[in-house]
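A.B. asks: Just a sequence and a predicted model for now, questions to come.
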Amino acid sequence: MAHARGLVWVCLLIWGSHAWAYTLTCNVQGSFPQMERIVLQPATVTIDISSIGNHLYIKMEGPKLYNMFVNTLISSEFEGTDLTSDSSIWVKRRHIQSKEETEIKIKRQPVMVSAMKDVHRYGKDLKLLVTGPCQLPTH
């Protein structure tokens, strides 16, 4: 099993002109560090990781507040940054005009997600932090 996980991780880190996709299921908990009294419901999310050419795309889907999307593309509206290392896949996306940021980081061992996005809630600009363990597909 450990060998299979290592092989999957190696496949995830291969960059090139080909395309690949991978999906994780994660049990996450969101929080607003600036408002400790606000407790969000835990959720199960799916994280789709894909690569097309030299660009990396990560989409987290679950309950509305937990939905996030990042990529490494650079356009007139968004600037994406690939911060991937040997220990994690990590992408940050920034809206150029508003400066709002979203980032998703997936650690290798143990497989964990840490994500952040700027949101406007409760009449304030806040950072939503999302963390939790992930399960690799069994097939």
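C.D. replies: Okay, I see it.
A.B. asks: residues contacting the residue lying closest to residue 77 once chain neighbours are set aside?
C.D. replies: Using C-beta to C-beta, 6 or more residues apart in numbering and skipping the chain neighbours, the partner closest in space to residue 77 is residue 96 (6.1 Å). Bear in mind the C-beta positions are built from the backbone N, C-alpha and C, glycine included. Residues near residue 96 by C-beta atoms under 8 Å, 6 or more residues apart in numbering: 76-79.
A.B. asks: how near is residue 96 to residue 115?
C.D. replies: Per C-beta to C-beta, to the nearest Å, residue 96 is found 21 Å from residue 115.
A.B. asks: Ok, residue 65 next?
C.D. replies: 11 Å.
A.B. asks: Narrow the contacts of residue 96 to those that are buried.
C.D. replies: For these, a neighbour count by 16 or more other C-beta atoms under 10 Å gives the buried set as residue 78.
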